[in-house]
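**Q** Whatever this is, show me its structure:
(2 chains)
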There are 2 protein chains.
Amino acid sequence: MLAALGPDIVTLAQEADGRRFADWSGIPSGDVLALIRPRSTEELSQAMAICHAAGQPVTVQGGLTGLAGGASALDGEIAVSLERMKAIEEVDAVSATMTVQAGCVLQSVQEAALAAGYFFPLDLGARGSCTIGGVLATNAGGNRVIKYGMTRDLVLGVEAVLADGRVISGLHKMLKNNSGYDLKNLLIGSEGTLGIITRVVLRLRPRPLGVSTAWCGLDDFKAVTTLLRRAQSELAGGVSAFEVMWPSYYDYVLGNFPELRRPLAGSHGFYVLLETDGADPEAQGEQFEAFLARMFEEEVLEDAAVAMSERAALDFWAVRDAPGEFPRLIPNMIAFDISFAVSDLAEAASRITQGLEARHPGSLALVYGHLGDGNIHLIADVPGATAETVEAVEAFVYGVVSDLGGSVSAEHGIGLKKRKVLSRTRTPDELATMSAIKQALDPRGILGRGRILG
Amino acid sequence: MLAALGPDIVTLAQEADGRRFADWSGIPSGDVLALIRPRSTEELSQAMAICHAAGQPVTVQGGLTGLAGGASALDGEIAVSLERMKAIEEVDAVSATMTVQAGCVLQSVQEAALAAGYFFPLDLGARGSCTIGGVLATNAGGNRVIKYGMTRDLVLGVEAVLADGRVISGLHKMLKNNSGYDLKNLLIGSEGTLGIITRVVLRLRPRPLGVSTAWCGLDDFKAVTTLLRRAQSELAGGVSAFEVMWPSYYDYVLGNFPELRRPLAGSHGFYVLLETDGADPEAQGEQFEAFLARMFEEEVLEDAAVAMSERAALDFWAVRDAPGEFPRLIPNMIAFDISFAVSDLAEAASRITQGLEARHPGSLALVYGHLGDGNIHLIADVPGATAETVEAVEAFVYGVVSDLGGSVSAEHGIGLKKRKVLSRTRTPDELATMSAIKQALDPRGILGRGRILG
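**A** Take a look at the predicted model:
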């Protein structure tokens, strides 16, 4: 079978010296059979037809920055990488679209959009290594979801190779296309289990001409949701970021990262990093400050600082982006990426933090997240935790998620890591329906075996 | 079987006196077996389990305003109406969501959103009769897609009953939820062939505090796309409508509707109805006029008129909305709802109109549409046309669509009416994949038989 795949696209694993086959989830790779690196959709299609005929399991790999283990290759699997398919094929300035191959790195897309006078708003810490195929497979989120949506909302067309080598050719540039079932959104977020995305038409947005940023201190959660609603209604460009930090997070970060500048002098019940972007920097800046003054007068805000320079805005963001360094400081951290209705978020966070303190006195529980999207990240650390402790913490947190009708994965996906807790979020009938779709599209079950529906 | 369904939810067709079972497509209804009107998801679930066991075909009906025949009931089918499930169950002002039953009429949703200080942007001519279930089933569009998206973009959660009575319970309020396959978007736009949507969580948007409207005259298509791009980039609130009319449309409408006010004195190569909405009416109005002045100086615009009152804006919209009366004036009109990449629109329209004139001299071809979405509507009228002529016109127009990689249905759906031309837009592999999904979710093929994949 390997010979049939063709020596110019297949590399035996033992020859791919030192290559990493695991993602950032901590789930190690197994004994990989081979690596396929097609140069075109046709080559991949032929390779998949061969794997399908042989019942050969295949795992798709992008930039390997995923956190759920969807891309960590397992024993006996063939890894597929689209690193030879990374061209930006077209920027259509009239239609405001960009057509790219799936192996293209996100940062290259962002830069090409700016060069064409446009903006591709999706942004993640992994921008320099994650690929477009990977961000579609996981429906990646990031900090600008509140204004621009998830990856799904930035994609107009998708071409993909199915498990048996057939090609879904949906490289359309239309915003409106009601012609049959939505295969595009089915493929997006399927984490490589329904098809391998090969080419994509992205939707470009107007380049914001100015950004206004403020760091806000508020007394309680009601004030936070009031600020969100008023900002969305009263800021002309809308809200492009609304990042909320609980005091536990804020105090921990400022206490442990001495290089960070303290955005506000005093202590508050909640902290919000608020950003708006828009078309008229001067008018927008004035309007932004007038809005904050109004919120202060109406006692929604206790305090706020406006970034007067790009440098100052970056300093605010550094406080929010500190979790990138958490693995170094908290090597045994237990991380959660969960979502709720916005109206349930305060309840969810307090149930979780109080429950953890009651169960594991002295444990750390840091909460922060994208409030407007209902998405919080929780970092827990229990001193001296065993594998059983970790399991108990996860069971407790996902129990709260389940009770409040939340999601066990807001933006990271399910992969191998969360497949056991998927039933906390989806009903048996939903899971059975997903399995029926998987069976219909990949009857031999060779694509991303055990991921999501393991 | 009918007895098992229960006398309190089933009505024999002969007893449903005078009730209409056909939609606005012109496709008549057949000999309907019965009408089911469940009062709850559970009642519908039980009824569908019975129909599934009996292999009984079922058609879902909403407000019956569809244009593709998806809801026209056929011989031997049972019609399902959710008219007893039209409650607005909850408005969650903190999460900015509304939970409604599928039988709720669109206009009721719009009004409830305004009453709660929010805005539900989806708007169609049929707002007073179309139901939320219907707009989801067809992924309805309308005039505000350019800023707010299609129906799909306004829905956070969906509950639906599958063909065999199982219930998909996805009534989530989260913007972010990456937990398995996207069943929500698969159900939306499936025109009642994959499941019956019973309850929905809608996403509410901030209520715009001011709207600015202008009627613009431009020389050529390049100016039109320049205006679109510049407006999207330079108007703070973004573009909420960008409706383009070709001169054939403009001249026909002003010539045949004497009650309409002429927006501009002169004649132009293209006409655009431009609208922006936003948070600060005064600043926005000034900015809007400054933008138009700039476009005039830079010779993008030949002429423009700004609506100085709501009345004046309605007068502009009346010129755009005249097609509502076309069926009276042009009884044998052949209507198309097609989409293209924005960059292909001018080419598409000119190929079609010139081709029609060459093939059928003296025929009428009116072109107008939602340019920012790539969606144009074409109204053709060939004097003395026979059924063969209509078929030839359709074959020609859909041939152009196919050549340019467009879609045979931008917003109206496929239903019964366009199933024969679906292959002009989707490849055999895509159609086979859709059929596999249909088979997986409705193995006995009882839901919306012959629709889409007929």
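**Q** show me what contacts the most centrally placed residue in chain A?
**A** Note on chain A: the residue nearest the mean C-alpha position is A:A140, at 3.2 Å, using CA atoms, centre = their mean. Listed by CB atoms under 8 Å, 6 or more residues apart in numbering or on different chains, the contact partners of A:A140 are A:122, A:124, A:130, A:134, A:150-151, A:411. The way it works is simple: take the backbone N, C-alpha and C, and place the C-beta from them, glycine included.
**Q** how about a cut-off of 10 Å?
**A** By CB atoms under 10 Å, 6 or more residues apart in numbering or on different chains, the contact list for A:A140 reads A:65-66, A:106, A:122-124, A:126, A:130, A:132, A:134, A:150-152, A:154, A:188-189, A:411-413, B:178.
**Q** In helices only, show me these.
**A** Cross-referencing these against helices under DSSP state H gives A:106, A:132, A:134.
**Q** Now do the same contact list for the second one.
**A** With contacts taken as CB under 10 Å, 6+ apart, A:I132 has the following neighbours: A:62-63, A:82, A:86, A:88, A:98, A:100-106, A:108-109, A:120, A:122, A:140, A:151, A:155, A:197, A:199-200, A:202.
**Q** Those residues, buried ones only, as a ChimeraX selection?
**A** The buried residues among the contacts of A:I132 can be selected in ChimeraX (16 or more other CB atoms under 10 Å in any protein chain shown) with this line:
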select /A:62,63,82,86,88,98,100,101,102,103,104,105,106,108,109,120,122,140,151,155,197,199,200,202
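**Q** Do a quick rundown of the strands in the stretch 301-450 of chain A.
**A** With DSSP state E, counting those that start in this stretch as the criterion, the stretch 301-450 of chain A has strands at A:303-306, A:334-339, A:364-370, A:375-381.
**Q** Pipe those into CSV and attach mean pLDDT and mean neighbour count per row.
**A** Shown next, in CSV, are the strands of the stretch 301-450 of chain A (pLDDT from 0 to 100; neighbours: other CB atoms under 10 Å in any protein chain shown):
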stretch, mean pLDDT, mean neighbour count
strand A:303-306, 98, 18
strand A:334-339, 96, 24
strand A:364-370, 95, 24
strand A:375-381, 96, 23
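**Q** Next, count neighbours for the residue lying closest to A:F291 once chain neighbours are set aside.
**A** Of all residues not flanking A:F291 in the chain, A:E234 sits nearest, at 5.6 Å (CB to CB, 6 or more residues apart in numbering or on different chains). Applying other CB atoms under 10 Å in any protein chain shown, we find 20 residues neighbouring A:E234.
**Q** With A:V91 instead?
**A** 20.
**Q** Next, the residues that contact whichever strand or helix holds it from outside, please.
**A** Assigned by DSSP states H and E, A:V91 falls within strand A:88-92. Strand A:88-92 is contacted from outside by A:97-101, A:104, A:108-109, A:111-113, A:115-118, A:132, A:171, A:173, A:199-202, A:204, B:341-344, using CB under 10 Å, 6+ apart.
**Q** Restricted to helices, list these.
**A** If you go by DSSP H, the contacts of strand A:88-92 have A:108-109, A:111-113, A:115, A:132 in helices.
**Q** could I get the ones in helices among the contacts of A:A140 as TSV with pLDDT and distance to A:D315?
**A** Listed next are these as TSV, based on pLDDT from 0 to 100; distance: CB to CB, whole Å:
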residue	pLDDT	distance to A:D315
A:L106	98	24
A:I132	98	31
A:G134	98	30
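**Q** ok, the residues you listed vs A:V167, which is closest?
**A** Within these, proximity to A:V167 (CB to CB) peaks at A:I132, which comes in at 17.6 Å.
**Q** what sits against the closest residue to the closest one other than its chain neighbours?
**A** Setting aside the residues directly before and after it, A:I132 is nearest to A:C104 in space (CB to CB, 6+ apart), at 4.9 Å. By CB under 10 Å, 6+ apart, the contact set of A:C104 is A:82-83, A:85-89, A:98, A:112, A:131-133, A:199-200, A:202.
**Q** One more: A:A349?
**A** For A:A349, the contact set (CB under 10 Å, 6+ apart) comprises A:221, A:244, A:246, A:248, A:338, A:340, A:365, A:367-369, A:376, A:378, A:400.
**Q** at 6 Å instead, please
**A** Residues near A:A349 by CB atoms under 6 Å, 6 or more residues apart in numbering or on different chains: A:V367.
**Q** how far away is it from A:I36?
**A** In this view, A:A349 and A:I36 are 44 Å apart by CB to CB, to the nearest Å.
**Q** A:G170 now?
**A** Look at A:G170 and A:I36: by CB to CB, they are 23 Å apart.
**Q** Can you report how many residues neighbour A:E325?
**A** Using other CB under 10 Å, A:E325 has 12 other residues around it.
**Q** actually A:P443, not the one I wrote
**A** Neighbour count of A:P443, defined by other CB under 10 Å: 12.
**Q** for the one 4 residues further on, same thing?
**A** As a burial measure, A:L447 scores 28 neighbours (other CB under 10 Å).
**Q** what's the helix or strand for A:L156?
**A** Using DSSP H and E, the secondary-structure element containing A:L156 is strand A:155-161.
**Q** just checking, what packs against that strand?
**A** Applying 3 or more CB pairs under 6 Å, 6 or more residues apart in numbering or on different chains; DSSP states H and E, one finds that strand A:155-161 contacts helix A:41-54, strand A:167-170, helix A:183-187, strand A:196-203.
**Q** how about a cut-off of 10 Å?
**A** helix A:41-54, strand A:97-101, helix A:132-137, strand A:167-170, helix A:183-187, strand A:196-203 (3 or more CB pairs under 10 Å, 6 or more residues apart in numbering or on different chains; DSSP states H and E).
**Q** Could you tell me the angle between that strand and strand A:196-203?
**A** Orientation check (axes from the mean of the first three to the mean of the last three CA atoms, to 10 degrees): strand A:155-161 against strand A:196-203 gives 160 degrees.
**Q** Surely A:D280 touches A:G210?
**A** Yes. Judged on CB atoms under 10 Å, A:D280 makes contact with A:G210 at a distance of 7.0 Å.
**Q** Show me the common contact partners of the two, please.
**A** Residues touching both A:D280 and A:G210 by CB under 10 Å, 6+ apart: A:G237.
**Q** Look at those two and report which has more neighbours.
**A** Comparing A:D280 with A:G210 by other CB under 10 Å, the one with more neighbours is A:D280, at 20 against 16.
**Q** And for the more buried one, nearest residue in space, chain neighbours not counted?
**A** B:A236 (5.8 Å).
**Q** what helix or strand does the one you found sit in?
**A** For B:A236, there is no enclosing helix or strand under DSSP H and E.
**Q** Please apply the same query to A:Q232.
**A** Using DSSP H and E, A:Q232 falls in helix A:221-234.
**Q** name the element the nearest residue to A:R262 once chain neighbours are set aside belongs to?
**A** Closest residue to A:R262 apart from its sequence neighbours, by CB to CB, 6+ apart: A:L254 at 5.8 Å. Counting by DSSP H and E, the element that carries A:L254 is helix A:247-256.
**Q** what angle separates that helix from strand A:364-370?
**A** Orientation check (the same axes, to 10 degrees): helix A:247-256 against strand A:364-370 gives 110 degrees.
**Q** quick one: buried residues of helix A:247-256?
**A** Quick answer for helix A:247-256 (16+ other CB under 10 Å): A:248-250, A:252-253.
**Q** With pLDDT and distance to chain B as extra columns, can I get these in a markdown table?
**A** A markdown table is the format used below for the buried residues of helix A:247-256 (pLDDT from 0 to 100; distance: CB to the nearest CB, whole Å):
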| residue | pLDDT | distance to chain B |
| --- | --- | --- |
| A:S248 | 95 | 22 |
| A:Y249 | 97 | 19 |
| A:Y250 | 97 | 23 |
| A:Y252 | 97 | 24 |
| A:V253 | 97 | 23 |
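**Q** Show me which residues of the stretch 1-150 of chain A sit near chain B.
**A** A:68, A:92-97, A:117-119, A:138-141, A:145-146, A:149-150 (CB under 10 Å from any CB of the partner chain).
**Q** let's go with 7 Å and repeat that
**A** Proximity of the stretch 1-150 of chain A to chain B, by CB under 7 Å from any CB of the partner chain, involves residues A:92, A:94-95, A:138-139, A:141, A:145, A:150.
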